[in-house]
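Student: Next input, structure requested:
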Amino acid sequence: MKNKNLITTVSGLISFKGLKSLEHSIDPYTRMSLGLIAALGLSISNNQINKSIGVGIGIASFLQLLEFKKGGRIIRNLSNSKIFVLDENCGVKEILPGQIPSNSIDGLTIKGMNGVFKVSDGIYIELEKDNRIIYSIGVGKLLNQSLRFGGFKSKQWVDQQTDLRWKEIYSKSV
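Tutor: Numbering: from 1, shown residues only. Below you'll find the predicted structure:
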């Protein structure tokens, strides 16, 4: 019993550290999913050591849910334009070309976009040189656009929002 708990704990710690090392390139939804798939595969084994390792990986995978609290993030900014972000704590804030905000964001815009880009919690995006907004590796795009109703939003959507910060950031896009 003691040996099984030790294996589970060590497996969980190593798995958590390994999954966490991917945080600057892969969104937490994908990290959690990959870990859970590995955990499931090991947990159905007849070997008790593999089961214990699987449980440790499963626990580490669920701990990736803590990343959702950090909100949406820009993980790479190659844009040569000023970007305006809706910072969760500070309201609308300008970031310079190449700058990556340290806080989480709810959305962003670029002059000339004529809209805003809503970024859900746990979603990571990258800004390209041509100002294209792309999702990091993983299932973030599917979740942001299909399940969380994020992505590009027009003036019509902005006008329906009760949070006036969306109107403020939209004004920077025209």
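Student: what's the spacing between residue 151 and residue 40?
Tutor: 31 Å (C-beta to C-beta, to the nearest Å). The way it works is simple: take the backbone N, C-alpha and C, and place the C-beta from them, glycine included.
Student: between the two, who's got more neighbours?
Tutor: The residue with more neighbours, out of residue 151 and residue 40, is residue 151; 19 against 13, by other C-beta atoms under 10 Å.
Student: hey, C-alpha coordinates of the helix or strand residue 76 falls within in PDB?
Tutor: If you go by DSSP states H and E, residue 76 is part of strand 73-77. C-alpha atoms of strand 73-77 as PDB (Å, rounded to 0.1, in the frame of the first residue of the first chain):
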ATOM      1  CA  ARG A  73      -3.700  34.700 -22.800                       C
ATOM      2  CA  ILE A  74      -1.500  36.000 -25.600                       C
ATOM      3  CA  ILE A  75       1.500  33.700 -25.800                       C
ATOM      4  CA  ARG A  76       3.200  35.200 -28.800                       C
ATOM      5  CA  ASN A  77       3.000  38.600 -30.400                       C
END
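Student: immediately after that strand, which helix or strand?
Tutor: Per DSSP H and E, strand 73-77 leads on to strand 83-87 as the next helix or strand towards the C-terminus.
Student: Given that next one, what are its sheet partners and their directions?
Tutor: The pairing partners recorded for strand 83-87 under DSSP bridges are strand 91-95 (antiparallel), strand 105-110 (antiparallel).
Student: wait, is residue 162 part of a strand?
Tutor: No - if the criterion is DSSP: H, G, I helix; E, B strand; the rest coil, then residue 162 is coil and not within a strand.
Student: which residues touch it?
Tutor: Contacts for residue 162 were tallied using C-beta atoms under 8 Å, 6 or more residues apart in numbering; there are none.
Student: And the pLDDT at it?
Tutor: Listed pLDDT for residue 162 reads 94.
Student: quick one: terminal-to-terminal distance for stretch 137-152?
Tutor: This stretch, stretch 137-152, spans 19 Å end to end (C-alpha to C-alpha, to the nearest Å).
Student: Now it: buried residues?
Tutor: For stretch 137-152, a neighbour-count test (16 or more other C-beta atoms under 10 Å) marks 138, 139, 140, 141, 143, 144, 145, 148, 150, 151 as buried.
Student: Distance to residue 9 for those - can I get that in TSV?
Tutor: Formatted as TSV, those follow (distance: C-beta to C-beta, whole Å):
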residue	distance to residue 9
138	27
139	29
140	30
141	35
143	31
144	34
145	38
148	34
150	37
151	40
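Student: Switch these over to TSV; also include secondary structure, pLDDT and distance to residue 99.
Tutor: Listed next are the buried residues of stretch 137-152 as TSV, based on DSSP: H, G, I helix; E, B strand; the rest coil; pLDDT from 0 to 100; distance: C-beta to C-beta, whole Å:
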residue	secondary structure	pLDDT	distance to residue 99
138	coil	80	23
139	coil	82	27
140	helix	80	21
141	helix	82	23
143	helix	82	26
144	helix	81	22
145	helix	81	25
148	coil	81	25
150	coil	89	22
151	strand	92	23
